[in-house]
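Novice: build me a structure from this.
(2 chains)
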Amino acid sequence: MSNQQTSPSKGIKELRLPISRVKTIMKSSPQVEAIGQDCLFLVAKATELFVHYLSEESHQKSNKAGNLEYKHLAEVVQTNETLEFLREIMPRKITVRQFKEMIDDKNSESSSDSDTDSQSDSDSNSDSDDKVENSSDSSHNDNDKKNGNNSLEDSSKDESEEETKP
Amino acid sequence: MAEKLEDLNLPNAVVTRIVREALPDGVTVAKEARAAVAKAASIFILYLTSSANIIAKKSNRKTVSGQDVIQAMEDIEFDQFIAPLQEALENFKKNQKEKKDASTKKKQQKKDEDDSGEIHEDE
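Specialist: Numbering: from 1, shown residues only, chains lettered A, B, ... in the order given. Predicted coordinates for the structure are as follows:
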């Protein structure tokens, strides 16, 4: 009798990820209405395989170094086609110097565009700056509304943005 | 529904264990890397769920099935996972069936016992 009771649960026990947590994450997607038992099991299993694959792949890319670091993962994510969906949440890290250079490049580009305007009238220039800020703000709000349902992706995006600005 | 934001993360310890199993012995995993893998796994769940959900919706089903998930793996180009998942699904179904059989057997046994008990009372 005891043997019979342990064998059916073996299939679930071979999973390491908590099935309830996987379900919570799946349900956080607003389009999903109902999830079958076998679907839930397979998603959990697939996620385990995915974690295995991502770590193995990153380790190989790192020339089998003695440690696995974020930069190895980011490198694989940025170069591997099938991992494209992670590109936004796992950007390559850059140094402060690189970041400053990027900002300088951007500034020099935009200033060369509006060179004539800024010299002719300072008032009109500040006006146009305000407009630009407003429009970008409102577009941000729209994005927020669209993504508002998916709080997980939002939070991860925010964090990744912080990571790019060390 | 998720109550706290942490409910949408997978437990770090479990994820780290899977990472360690994938790597040769002696390789250390940086804390930052562990957090990133856990986050990536959460995103993967959502990515796979929405792909499987689209497949289910296309055939006018509200419930996402196991077969939808396997088909979604193909869509998101993780073909190498299909064979192990197919195997896992069969095992899972077999186990579910065993479980069901065991519980019906149990019920039948209980019923038998009840019946015999009644007979005893009559005597």
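
Novice: which residues of chain A fall in strands?
Specialist: Taking DSSP state E, the strands of chain A run over residues A:34-35, A:67-68.

Novice: where does pLDDT dip in the chain?
Specialist: Unless you meant another one, I'm taking chain A. Chain A contains residues with pLDDT under 70 at A:1-13, A:112-166.

Novice: wait, chain B
Specialist: Applying pLDDT under 70 to chain B flags the ranges B:1-2, B:117-123.

Novice: strands of that one, start to end?
Specialist: Under the criterion DSSP E, chain B contains strands at B:28-29, B:63-64.

Novice: export the ones you listed to TSV and tack on mean neighbour count and distance to chain A?
Specialist: For every residue, glycine as well, the C-beta is placed using N, CA and C. Below are these laid out as TSV (neighbours: other Cβ atoms under 10 Å in any protein chain shown; distance: least, Cβ to the nearest Cβ, whole Å):
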stretch	mean neighbour count	distance to chain A
strand B:28-29	16	4
strand B:63-64	21	4
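
Novice: okay, those strands in TSV with distance to A:Ala34 next?
Specialist: Output for the strands of chain B, formatted as TSV (distance: least, Cβ to Cβ, whole Å):
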stretch	distance to A:Ala34
strand B:28-29	36
strand B:63-64	4
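
Novice: closest to A:Ser58 out of these?
Specialist: Using Cβ to Cβ as the measure, strand B:28-29 is the one of the strands of chain B that comes nearest A:Ser58, at 9.9 Å.

Novice: and the closest one, which strands flank it?
Specialist: Partners of strand B:28-29 in the sheet, by DSSP bridges, are strand A:67-68 (parallel).

Novice: ok, residues contacting the partner strand?
Specialist: A:Ser55, A:Ser58, A:His59, A:Ser62, B:Val19, B:Leu23, B:Val27, B:Thr28, B:Val29, B:Ala30, B:Ala33 (Cβ atoms under 8 Å, 6 or more residues apart in numbering or on different chains).

Novice: could you flag which of those are buried?
Specialist: Buried by 16 or more other Cβ atoms under 10 Å in any protein chain shown: A:Ser55, A:Ser58, A:His59, A:Ser62, B:Val19, B:Leu23, B:Val27, B:Val29, B:Ala33, out of the contacts of strand A:67-68.
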